[in-house]
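> here is my input; please provide its structure:
(2 chains)
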Amino acid sequence: MRTMKRFKSEKDFSTIFLVVLLILSCGIFMSLKVKTDNISRKKIPGSSIIYIPSGQYLKFATFGNSSLLADLIYVWAIQYYSDYTIPDMYEYLDHIFSIINELDPSYLDPYDTGAVIAAYEAEDLDLALKILDRGLEKNPEQWLFPYMAAHYAQMIKKDHKLAQEYYKKAMNIEEVPPIVERLYANAIFKSMDYKRALQTWLEIYKTAKDERIKKIASNHLYNITATIDIQKINEAIEKFKESYGRNPMELSQLVRAGFLDSLPKDLDGKEYIYDSQTGEVKTPTIPWKR
Amino acid sequence: MKIKAIAFNTFKEAIRDRILYLLLFFAAVCIIFSRLLALLTVGDKVKIIKDVGLSSLSLFGALMAILMGTGLVFKEIDKKTIYTIISKPIHRYQFLLGKFFGLVLTLFIMLLLMSFIFLALVFFHTFTIEWGMFIAILFIFFELCLITSVALLFSCFSTPILSSIFSLAFYLIGHTAWGIETLIKKIPPGAGKTLAQFLYHFLPDLENFNFKTEIVQHLDIPSDVYLYSILYGIFYTLFVLIIAVLIFRKRDFI
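Numbers count the residues shown, from 1 in each chain, chains lettered A, B, ... in the order given. As a prediction, this is how the structure comes out:
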């Protein structure tokens, strides 16, 4: 009986000892975790991913879970490109996003995000266009990719011809919103192909289904005709200056001197405003406030 | 002495297990396969060999620890050999520690064999002995010790299949728990944040034993981190083993 009692108290004591030791070891390893976290270790962010050969081959290793892996890499990439302290972080941008695109070609967000990072963060417009081209290649029904590419080409690269090509691609896709055609017409105007711009805006005007679009098209038509007219008047003024050594006093002098056949009027039938002091010709109304 | 006897007995029993040699074979294949993989790369071929080799050591070592560790105690109960052991004047903690050290010894030998194949392959490419590799392997060993203790813990109250799943989950959590830090930054202050902070510190951080990238890339490693990582491994292993002992003591076999 006494031995049993002794054994029980010994067991109780060892249990208490073990519990204390358990709590103590838990406290120690948790504080050691804080300690190791405070020591900064040199890391190569993304080092694990840059050696992955290609999403095409990686797909085989996912055992049918390629979409999941694409999601994980995408989430990781977002965190990676949010940390601006990483040097040369854009070096593997194409590689990382191409892996995601290969793993899940119909996952649309990575194309947009990759292109935005390439265009605005990495300032590598060619790469942005490459990512968007890839998006269109794998998702031919998505007008958004050529639309974005056109926007970048026009706004960042100032390549209006390239922008036209992308807008045209977007226009050939079903369910494209009507604004794309108007942007296309505007890109033609920006590339100074006034004749084609006029034709395109006229077409938009004729096919417009609501008054608002008709008004927008009309304003653009006004602007293009005014640009063509003012260019013609300016050329005549230059010729006048070469002959008389001064600006004409009024625009009608250009017709009398034989530099213009007739004095052009704006789309509303009003005469252009002319300042003889500076030689500047302006529209009587601001095209967008008609 | 009793622990030593059980440990050697466990070691003898473990080296007779065919699954161990199967895993060793696959580990060797993977390490040698890294040579072929290196042919596909552009640039530093040795880097690929080192990366694949060290990862194979870690992965197959963990598989050995899990697959063998989870059956350690269960097998004794299942085959009823535990009766002959616990009827002897031996404490249950001694039995568990003996099992633990026996498997750690087995893993040590297996890691040595795998490391020999790996280092020989690296040596044939560089013709230099890279001492840094030994550090990386040493910390893989510490990681394996911790995983063994976890496998042993689950083996005390669960079947080998479930224990393997739990231990594998522990391994995966251990290598991904650092992601909680990012989550903590995004969670607004409150109970959720406190819970996330607790989990971040409590869950195993096996990245503390991961020096593979730094060693392969020849990056400087602060010397403090070695010491704290070893201590972290020791105390975490101790923590898991104490839980295992407490559970095992409560088990009634009769």
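
> rest of the way, CA atoms for contacts and neighbours
OK.

> now the helices: where do they sit in the chain?
In the absence of a named chain, chain A is used. Using DSSP state H, the helices of chain A run over A:2-38, A:55-58, A:66-80, A:93-103, A:109-116, A:125-138, A:144-155, A:160-171, A:179-190, A:194-207, A:211-244, A:252-256.

> try again with chain B
Counting by DSSP H, the helices of chain B are B:2-14, B:18-40, B:45-69, B:72-78, B:82-86, B:92-126, B:132-155, B:160-176, B:179-186, B:191-202, B:212-216, B:223-250.

> want to throw these into JSON lines with distance to residue A:25?
Below are these laid out as JSON lines (distance: least, Cα to Cα, whole Å):
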{"stretch": "helix B:2-14", "distance to residue A:25": "22"}
{"stretch": "helix B:18-40", "distance to residue A:25": "32"}
{"stretch": "helix B:45-69", "distance to residue A:25": "22"}
{"stretch": "helix B:72-78", "distance to residue A:25": "24"}
{"stretch": "helix B:82-86", "distance to residue A:25": "27"}
{"stretch": "helix B:92-126", "distance to residue A:25": "17"}
{"stretch": "helix B:132-155", "distance to residue A:25": "14"}
{"stretch": "helix B:160-176", "distance to residue A:25": "18"}
{"stretch": "helix B:179-186", "distance to residue A:25": "22"}
{"stretch": "helix B:191-202", "distance to residue A:25": "11"}
{"stretch": "helix B:212-216", "distance to residue A:25": "27"}
{"stretch": "helix B:223-250", "distance to residue A:25": "5"}
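
> and those: which comes nearest residue A:275?
Among those, helix B:179-186 comes nearest to residue A:275, with 61.3 Å by Cα to Cα.

> what angle sits between that closest one and helix A:66-80?
With axes from the mean of the first three to the mean of the last three Cα atoms, to 10 degrees as the basis, helix B:179-186 and helix A:66-80 are set at 60 degrees to each other.

> how about the CA coordinates for stretch B:102-111, as PDB?
Once non-C-alpha atoms are left out, stretch B:102-111 reads as follows in PDB (Å, rounded to 0.1, in the frame of the first residue of the first chain):
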ATOM      1  CA  GLY B 102      17.500   4.800 -32.500                       C
ATOM      2  CA  LEU B 103      15.700   6.500 -35.500                       C
ATOM      3  CA  VAL B 104      17.900   9.600 -35.300                       C
ATOM      4  CA  LEU B 105      20.900   7.300 -35.500                       C
ATOM      5  CA  THR B 106      19.400   5.500 -38.600                       C
ATOM      6  CA  LEU B 107      18.700   8.900 -40.200                       C
ATOM      7  CA  PHE B 108      22.200  10.000 -39.500                       C
ATOM      8  CA  ILE B 109      23.700   7.000 -41.300                       C
ATOM      9  CA  MET B 110      21.300   7.400 -44.200                       C
ATOM     10  CA  LEU B 111      22.100  11.200 -44.400                       C
END
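
> and stretch A:13-26, how far from the chain's centre?
Offset of stretch A:13-26 from its chain centre (Cα atoms, centre = their mean, to the nearest Å): 60 Å.

> same check, this time on stretch B:128-137
Its chain's C-alpha centre and that of stretch B:128-137 lie 19 Å apart, by Cα atoms, centre = their mean.

> what's the burial count for residue 167?
All of this refers to chain A. 27 (other Cα atoms under 10 Å in any protein chain shown).

> wrong one, chain B
28.

> residue A:84 versus that one, what's the distance?
37 Å (Cα to Cα, to the nearest Å).

> one step back: looking at the helices of chain A, which is nearest to residue B:227?
Here helix A:2-38 is closest among the helices of chain A (Cα to Cα), at 9.3 Å.

> and that closest one with helix B:191-202, angle?
Interaxial angle, helix A:2-38 versus helix B:191-202 (the same axes, to 10 degrees): 100 degrees.

> run a quick neighbour tally on the residue in the stretch 101-250 of chain A that chain B sits nearest to.
Across the stretch 101-250 of chain A, the shortest distance to chain B (Cα to the nearest Cα) belongs to residue A:102, at 18.9 Å. When neighbours are defined as other Cα under 10 Å, residue A:102 has 21 of them.

> just to revisit the earlier point, least confident of the helices of chain A, on average?
Among the helices of chain A, helix A:55-58 carries the lowest mean pLDDT, at a mean of 68.

> quick one: which of the helices of chain B is nearest residue A:219?
Nearest to residue A:219 among the helices of chain B is helix B:179-186 (48.4 Å), distances taken as Cα to Cα.

> distance from the closest one to the middle of the chain?
26 Å.

> that helix - contacts with which helices or strands?
helix B:191-202 (3 or more Cα pairs under 8 Å, 6 or more residues apart in numbering or on different chains; DSSP states H and E).

> can you tell if the helix it packs on touches chain A?
Yes - judged by Cα under 8 Å from any Cα of the partner chain, helix B:191-202 comes into contact with chain A through B:201, B:202.

> show me what that helix is packed up against.
helix A:2-38, helix B:179-186.

> now residue A:17: how far from residue A:25?
Separation of residue A:17 from residue A:25 (Cα to Cα): 12 Å.

> show me which of these two is the more surrounded one.
Between residue A:17 and residue A:25, residue A:25 has the larger neighbour count (other Cα under 10 Å), namely 21 against 11.

> is it true that that one touches residue B:235?
Yes - assessed by Cα atoms under 8 Å, residue A:25 is found in contact with residue B:235 at 5.4 Å.
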